[in-house]
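>>> quick one, structure for this:
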Amino acid sequence: MAGTVMFLKGLGDIVVGAILATKPQLIYESAATQALHAWTGLPLSSAEAAPSFNHAIACMVIAIGAGSIVAAAQDPQARIPVVIMNAIWGLLAVLDMCPSAPVGECDHGHDCYQPQRVFAGNARLDI
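Model (predicted):
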């Protein structure tokens, strides 16, 4: 079961990375991003503002997705680094939303498909 979830998460990462590389406005201007903006008050950003940033993020997300797919096919010990990598990504998303370092924007909406990021990356924290 865990291998299947990790495999599907990897496919999801690759799809999101492909969208960021080819049509980032589908994420930046999505209904989910608009709803996050309305709910959290985080600023919206533009897909056209930094195209090289979109490609850099796309490369990272695709690489993580490929790693998840490969790890899913291996024994459970091979999955541990991928889980840790995703946990760190979620933690950094939390820190990104802290008022002492408010650099987060609603384009974190692409993190919504992963449960720890829904709570970590898309809400402003009052710490």
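
>>> next one: phi and psi at the residue sitting furthest away from the middle of the chain?
In the chain, D75 marks the outermost C-alpha relative to the chain mean, sitting 25.2 Å out by CA atoms, centre = their mean. Per-residue torsions, D75: phi -70, psi 160 (degrees, to the nearest 10).

>>> and it, what does it touch?
Residues in contact with D75 (CB atoms under 8 Å, 6 or more residues apart in numbering): none are found. All C-beta spots, glycine's among them, are computed from the backbone N, C-alpha and C.

>>> distance check, it against V16.
Distance of D75 to V16, computed by CB to CB, to the nearest Å: 27 Å.

>>> and the helices in the protein?
Using DSSP state H, the helices of the chain run over 2-22, 25-28, 31-40, 51-72, 76-96, 115-121.

>>> that older thread, do you know how far the residue farthest from the centre of the chain is from G12?
In this view, D75 and G12 are 23 Å apart by CB to CB.

>>> count of neighbours near A21?
Neighbour count of A21, defined by other CB atoms under 10 Å: 17.

>>> list the contacts for the nearest residue to it once chain neighbours are set aside?
Excluding the flanking residues, the one nearest A21 by CB to CB, 6 or more residues apart in numbering is A58, at 3.9 Å. Contacts for A58 (CB under 8 Å, 6+ apart) come out as 17-18, 20-21.

>>> pLDDT below threshold where in this structure?
97-127 (pLDDT under 70).

>>> what residues of stretch 69-88 count as buried?
69, 71-72, 79, 82, 86 (16 or more other CB atoms under 10 Å).

>>> again with stretch 9-23
Buried, per 16+ other CB under 10 Å, within stretch 9-23: 9-10, 13-14, 16-17, 19-21.

>>> quick one: which of those residues is nearest S46?
Proximity of the buried residues of stretch 9-23 to S46 (CB to CB) peaks at L20, which lies at 13.6 Å.

>>> and L44, backbone torsions?
phi -90, psi 150.

>>> any figure for the gap between E48 and A18?
Per CB to CB, E48 is found 18 Å from A18.

>>> residue contacts, the nearest residue to P24 once chain neighbours are set aside?
Leaving aside its chain neighbours, P24 sits nearest to A47 (3.9 Å; criterion: CB to CB, 6+ apart). A47 makes contact with 24-25, 27-29, 54 under the criterion CB under 8 Å, 6+ apart.
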